[in-house]
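A.B. asks: here is my input, please return the structure:
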Amino acid sequence: MVQVDREDGPEGTVVKLAGTIEESVDLSQLFGEFTGVLSVNCKGVTRINSVGVKTWIRYFQGLKSTGRAFKFLDLPHPLIEQLNMISNFACGGEVVSVLLPYGCNKCSKEFVASVKTAELKANGLEVPKVKCEREDCGATFDDDPEEFLYFLQD
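C.D. replies: Here you go, the predicted structure:
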C-alpha cells in the first residue's frame, strides 16, 4: 500500500509517495485533482510490482495525453530499475533527481544521496563523490554506474 502526502502551492502540486505501488493503488484517486505542475517525490517508494507498473504507466500516460505537466523527484532504486527496463516508464515526465546508493568504506553504513539528473548528464554520468555523515568516513557508489544510470544514456 502506498501513502501520499500532498502539498498544493502556486506552482502546482507536490505529492510525496511512501510504501509499495501494487494492484490496490489508484493513483488518480490518491493524487486527486491538481493545477499547475504535478511534482511526484518518490523517495519513500520501497517496491513496485508488475500491476503497479501498469497502473503507473496508465496514469502518467493519461496525464501526458491531456497535456498535463509532471515531473519526478528522488526516484529510488525500485523505480530506477523500471526506468532501465521500460523505455516509457517516465511517460514523458521529467526525471529531476534520483537517489544514488552509497556505502561507507569505514563504518559500513549504507545510505542514499539525492542527485539531480541534469548534474549527472553534465558530468558524463559520473556519480558524485559523497561523504558519510561521520567526518572521518568516505563513501563509494554501491552499484555499477553504467547499469544503474542506463536510462540517462542517449
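A.B. asks: check which helix or strand residue 10 maps to.
C.D. replies: Counting by DSSP states H and E, there is no helix or strand that carries residue 10.
A.B. asks: relative to residue 63, how far out is it?
C.D. replies: 20 Å (CB to CB, to the nearest Å). For every residue, glycine as well, the C-beta is placed using N, CA and C.
A.B. asks: more crowded one of the two?
C.D. replies: For residue 10 versus residue 63, the count of surrounding residues by other CB atoms under 10 Å is larger for residue 63: 19 against 6.
A.B. asks: sec struct for that one, please.
C.D. replies: Taking DSSP: H, G, I helix; E, B strand; the rest coil as the rule, one finds residue 63 in the helix state.
A.B. asks: what's the host helix or strand of residue 100 packed up against?
C.D. replies: Secondary structure assignment for residue 100, by DSSP H and E: strand 97-104. Applying 3 or more CB pairs under 8 Å, 6 or more residues apart in numbering; DSSP states H and E, one finds that strand 97-104 contacts helix 77-85, strand 110-116, helix 117-122, strand 139-141.
A.B. asks: got a list of what the most centrally placed residue in the chain touches?
C.D. replies: Nearest to the geometric centre of the chain sits residue 75, at 1.3 Å (CA atoms, centre = their mean). Taking CB atoms under 8 Å, 6 or more residues apart in numbering as the contact definition, residue 75 lies against 42, 83, 95, 97-99.
A.B. asks: about what we covered before: contacts for the strand holding residue 100 next, please.
C.D. replies: 43, 73-77, 80, 109-117, 120, 127-128, 130, 132, 134, 137-143, 148-149.
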